[in-house]
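Visitor: Structure for this input, please:
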Amino acid sequence: MTAYDTPGATGSELPSHAGDLDPEETQEWLESVDSLIEQRGTERTAEIVQNVVEHARRRNVDIPYSDNTDYINTISTARQPEYPGDAALEKEIRDTLRWNAAMVVHRAQRPGVGVGGHLSSFASIASMYEVGFNHFFRGREHPGGGDQVFFQGHASPGIYARAFMLGRLTEEDLGGFRQEKSHPRGLPSYPHPRAMPDFWEFPTVSMGVGPVNAIEQASFNRYLHNRGITDTSDQHVWAFLGDGEMDEVESRGHIHVAAKEHLDNLTFVVNCNLQRLDGPVRGNGKIVQELESQFRGAGWNVIKVIWGTGWDPLFAADTDGALIDLMNRTPDGDFQTYRAESGAFIRDNFFARDPRTKDLVADMSDDDIWWKLNRGGNDPVKMYAAMKMAMEHTGRPTVILAHTIKGYRLGKSFAGRNATHQMKKFTADDLKALRDTLNIPISDEQLESGSVYDAPFYLPPEDSPAMRYFRERRAELGGPVPSRNYAHKALELPGDKAYEVVKRGSGKQEIATTMALVRLIKDLMRDKETGRRWVPIIPDEARTFGMDSLFPTAKIYNPDGQNYLSVDRDLLLAYKESAQGQIKHMGINEIGATAAFTAAGSSYATHGEPMIPFYIFYSMFGFQRTGDFFWAAGDQMVRGFVIGATAGKTTLAGEGLQHMDGHSPILAATNPAAIIYDPAYGYELGHIIRDGLQRMYGEDSRDQDVFYYITVYNEPLVQPAEPEGLDVEGLLKGMYELEAAPEGDGPVVQLLASGVGVPWARHARELLEQDWGVRAAVWSVTSWVELRREAEDADRSTFLHPDEPRTPWITQRLQGVEGPYVATSDFAGELPDMIRQWIPGAYGVLGADGWGFSDTRPAARRHLHIDAHSMAVKALQLLAAEGKIDPSVPRQAAEKYELLDVNAGQSGSFGGES
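Guide: Next comes the predicted model:
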């Protein structure tokens, strides 16, 4: 059985053009549709055709549903606009860029370096990039503010080559490709804003992150415009993606949002070179047709750019549709193979499958078949038409599906080969062949002198027509792209009054730290200077977190407003949507919400407008579910607040295994951009938020390219007022003494706890004093992670500069403090264990380890042995080990407190909402 006998893949079973029983009758119907379009317009035509189809179905006519069109260009030759550029000069520029991009990677393979890179991705996408650079991509100096372009990560050498030709990068810079530390002017492998803060805007090489972030960037642009923050009406978001990348769930999982919000300021360009890293994307199928169907079904405008200009005469001569049928039936695996073979092979294995298509190329030579019959994505004329139509389309986002060749113009060893993604260097003969193909004026002597890795870059003369044109096009479009603005614009921040609500405590009322935080944010959002800059982001848990109180005033952002009668309209906290709403309510969509956080938190650089995103979510579904997006946010130097609400393994009474978060701060600790806190009380939250605002949005000497991750809980308790003489420095550094050891005689122990565990430690302090005569001090550890980071930094400094030793802060703070030490939290033991090596004494850690489960808070804490009584017994064990109390006391305490009986647990309340 051949490939052509098997069932067709998605989009390949379209009605046959060549098998029409009465083509004349069909033509009459088609002409009637043309006449209807001319006389009544497209909208009326669509209405009539839809009614005809529905009528036929009611008469039992079986009309197969398909979101696919034929495997040809969406834009016909007749509708194709005239190309506005100088084609000859642009080709010279593209050829030069292809050479220099290839040399960036090739030269980096020299002996002693060999750092890898990718040659073939840029080769396949260069034509469409250059159409964008010369005619569409607007820079920051454009009156409209400039576009945002998400570049395909593996094609970065081409972007570096372009910057080199514009004088933004030097030859020495290019020579440091992928040698960021070992080379004096090293360049990162891919688009990394943190590595090049004035160059790259968006990190895109982690597959699937770019598509979601691009959608939310376009959405946030509209959000800023609708709220009157800044005018983004003349800005466009472009996302260049790979067809293999589209297999990532994230790549397609968020596209409905773009359609729902009518984001016609967004264009996806999918580079369909039909290849993944190791082989075809859809060997037996057709990825372009598959993507067309899904995007069209999701409500996008779809433009297919399949075939280049050289095919136009063949389509014109294909009066019976045989060529179109052949294209519809041919799978991607064959199309890939054709471009790795010769023109004669294409003639015999493609066109010769039907005598009518064989006749179409009878007068073409094998070389003509190879060189003239190009793919649409490698044809600037076809790409210009598609990009122009995308810019002019209104009401819907657009996706351009561009058929290209991986390794295009790099030579037969590269083009279309399965291994082309891994090929990183040329032989001497490859270099000469590439030079000749691209018409680069470099001699054999230049290529043969020295090592093969010394092949030179090439710059046309500065006063040449090509270079003048090259620079003029960018000047007219508003300057270089990509480009990032990293100038800091300090905000006038709220004063003391805004923090009074958490400073004074909750009186007799029991509220969770989540509610304390929401009360604080409500007051901060009332601030005259910064209030409008807050961007609350919620993935469908607002009522859980008590944030429904914001609905009536801040309102939920919806570009369509609210066009329905709300079921809770008579309630004080009714659900209210508005085109000017401040709350980004994302639905059950943590990945989309993290992308929205990224767009808002980088607005200071993208738009010169510092915004303060406040992303609050079920803590289990943050760093565990969206860690890759937070890593990209760190790369993009995003600023803002990430709130892990309903935190901890035991506070979510009854929720169970997949909801119980015992590890988020540990996961977050691996992100260098995340400043991590686990506060116990509202007043602690006030100081942390205030310090975060100062660090990220004020004038501050610390690294400002960070975001704050703060855990808050849903367990109600009386929030104490801020104590007199609070050690604010210790609180912000990660630890302060909350209660000193009682005066008197008897052994001493230090109890360390964070978050919801602090009340257990305070209870343990009472148990130790009343039952065993042990005096305990309680320390509120607001950040185990920040304590560790500071200590590690001090140790590293001492290691590298032994003549200038530096003592960690925690060591200084605990100097002279009598141990032993016992630590607990509502997280796994690895969290408090982070500071073990800097504790000056015996250190016992209690951890909420293992899987989560459903039960009451006291029972859960007793089962995990992280509660007050477990803490007391652990302290007694350590004291006994040091000979400070009788060895029998720990056993007596364990029996007294019934440590093995989960129903004897007392730490925490039963039930209760945030």
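Visitor: Angles on the backbone of Lys555, please.
Guide: phi 70, psi 160 (degrees, to the nearest 10).
Visitor: make that Asn271, sorry
Guide: Torsion angles at Asn271 (phi, psi; degrees, to the nearest 10) stand at phi -80, psi 100.
Visitor: helix/strand/coil for the residue nearest to it when sequence neighbours are not counted?
Guide: Leaving aside its sequence neighbours, Asn271 sits nearest to Ile125 (Cβ to Cβ, 6 or more residues apart in numbering; 4.9 Å). All C-beta atoms are positioned from the backbone trio N, CA, C, and that covers glycine. The three-state assignment at Ile125 reads helix, by DSSP: H, G, I helix; E, B strand; the rest coil.
Visitor: got the contact list for Ile125?
Guide: Applying Cβ atoms under 8 Å, 6 or more residues apart in numbering, we find Ile125 in contact with 152, 155, 158, 240, 271, 377, 404.
Visitor: So the fifth one sits against Ile400, correct?
Guide: Put plainly, it is Asn271. No: using Cβ atoms under 8 Å, Asn271 is not in contact with Ile400, being 9.5 Å away.
Visitor: can you list residues touching both of those two?
Guide: Here Asn271 and Ile400 have no joint contacts, going by Cβ under 8 Å, 6+ apart.
Visitor: any idea how far the residue nearest to Asn271 lies from Leu800?
Guide: Using Cβ to Cβ, to the nearest Å, we find Ile125 at a distance of 43 Å from Leu800.
Visitor: same thing with Glu261?
Guide: Distance of Glu261 to Leu800, given as Cβ to Cβ: 51 Å.
Visitor: Ser219 too?
Guide: 45 Å.
Visitor: Check Lys412 and give its pLDDT.
Guide: Here the pLDDT value assigned to Lys412 is 66.
Visitor: likewise the one 5 residues further on?
Guide: The pLDDT attached to Arg417 in the predicted structure is 50.
Visitor: Ok, Arg762 next?
Guide: Predicted confidence (pLDDT) for Arg762: 98.
Visitor: now do Pro313
Guide: The model reports Pro313 with a pLDDT of 96.
Visitor: Tell me which of Ser219 and Leu800 has more neighbours.
Guide: Neighbour count, other Cβ atoms under 10 Å: between Ser219 and Leu800, Ser219 has more, with 27 against 8.
Visitor: All the strands of the stretch 201-350 of the chain, residue numbers only.
Guide: Here the stretch 201-350 of the chain has its strands, by DSSP state E, counting those that start in this stretch, at 237-242, 266-272, 301-305.
Visitor: Return the most buried member of the ones you listed.
Guide: Mean neighbour count (mean count of other Cβ atoms under 10 Å) peaks for strand 266-272 among the strands of the stretch 201-350 of the chain, with a mean of 28.
Visitor: any weak-confidence spans in the stretch 201-350 of the chain?
Guide: Residues of the stretch 201-350 of the chain meeting the criterion pLDDT under 70: none.
Visitor: quick one, helices of it?
Guide: Using DSSP state H, counting those that start in this stretch, the helices of the stretch 201-350 of the chain run over 209-226, 249-253, 255-260, 287-298, 312-317, 322-329, 332-339, 343-349.
Visitor: For the third one, which outside residues touch it?
Guide: Right, helix 255-260. 211, 215-216, 218-219, 266, 294-295, 298-300, 396-397, 589, 592.
Visitor: 7 Å instead, please
Guide: With contact meaning Cβ atoms under 7 Å, 6 or more residues apart in numbering, helix 255-260 is reached by 215, 218-219, 266, 295, 298-300, 396-397, 592.
Visitor: Among those residues, which one sits closest to Ala56?
Guide: Gly299 (24.6 Å; Cβ to Cβ).
Visitor: how many other residues sit next to the residue nearest to that closest one when sequence neighbours are not counted?
Guide: Excluding the flanking residues, the one nearest Gly299 by Cβ to Cβ, 6+ apart is Ala259, at 3.1 Å. Residues lying near Ala259 (other Cβ under 10 Å) number 19.
Visitor: begin at 450 from here
Guide: I'll keep to 450 as the first residue from here, and by that count the last item is Ala708.
Visitor: Does Glu959 touch Val1167 like I think?
Guide: Yes: Glu959 is within contact range of Val1167, at 5.5 Å (criterion: Cβ atoms under 7 Å).
Visitor: re earlier: can you put the strands of the stretch 650-799 of the chain in JSON lines and add distance to Ser892?
Guide: JSON lines is the format used below for those (distance: least, Cβ to Cβ, whole Å):
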{"stretch": "strand 686-691", "distance to Ser892": "35"}
{"stretch": "strand 715-721", "distance to Ser892": "34"}
{"stretch": "strand 750-754", "distance to Ser892": "37"}
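Visitor: buried set for stretch 1113-1128?
Guide: Residues 1113-1118, 1120, 1122-1128 are the ones in stretch 1113-1128 that count as buried (16 or more other Cβ atoms under 10 Å).
Visitor: Out of the residues you listed, list just those in strands.
Guide: 1123-1126 (DSSP state E).
Visitor: Reformat the residues you listed as TSV; add pLDDT and distance to Val1351.
Guide: Shown next, in TSV, are these (pLDDT from 0 to 100; distance: Cβ to Cβ, whole Å):
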residue	pLDDT	distance to Val1351
Ala1123	98	34
Ile1124	98	36
Ile1125	98	30
Tyr1126	98	30
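Visitor: As TSV, these with distance to Ala1102 would be great.
Guide: Shown next, in TSV, are those (distance: Cβ to Cβ, whole Å):
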residue	distance to Ala1102
Ala1123	28
Ile1124	29
Ile1125	25
Tyr1126	24
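Visitor: what about Glu492, is that helix, strand or coil?
Guide: helix.
Visitor: how much space between it and Ile486?
Guide: Relative to Ile486, Glu492 is positioned 10 Å away (Cβ to Cβ).
Visitor: just Gln1261 next, same as before
Guide: From Gln1261 across to Ile486, the span is 80 Å (Cβ to Cβ).
Visitor: before we move on, what about Arg611?
Guide: Distance of Arg611 to Ile486, given as Cβ to Cβ: 41 Å.
Visitor: Looking at the two, which is more packed in?
Guide: Neighbours per residue (other Cβ under 10 Å) separate Arg611 from Ile486, with Arg611 holding more: 25 against 13.
Visitor: Count residues in the vicinity of the nearest residue to that one once chain neighbours are set aside, would you?
Guide: Leaving aside its chain neighbours, Arg611 sits nearest to Leu546 (5.9 Å; criterion: Cβ to Cβ, 6+ apart). Leu546 has 25 neighbouring residues, counting by other Cβ under 10 Å.
Visitor: Per-residue pLDDT of Arg508, please?
Guide: Reading off the model, Arg508 has pLDDT 90.
Visitor: which sections of this structure are below the confidence cut-off?
Guide: Those would be 450-462, 467-468, 860-873, 1360-1363, if you go by pLDDT under 70 across the chain.
Visitor: now do 50
Guide: Along the chain, segments meeting pLDDT under 50 span 450-455, 865, 867-870, 1363.
Visitor: quick one: the helices in the stretch 1050-1199 of the chain?
Guide: Going by DSSP H, counting those that start in this stretch, the stretch 1050-1199 of the chain shows helices at 1052-1055, 1072-1084, 1113-1117, 1131-1146, 1177-1182.
Visitor: For Gly1354, see how far away Asn1007 is.
Guide: 46 Å.
Visitor: Surely Ala1308 and Ala1353 touch.
Guide: No: between Ala1308 and Ala1353 there is no contact under Cβ under 7 Å: 9.0 Å.
Visitor: higher neighbour count, those two?
Guide: Ala1308 (21 against 14).
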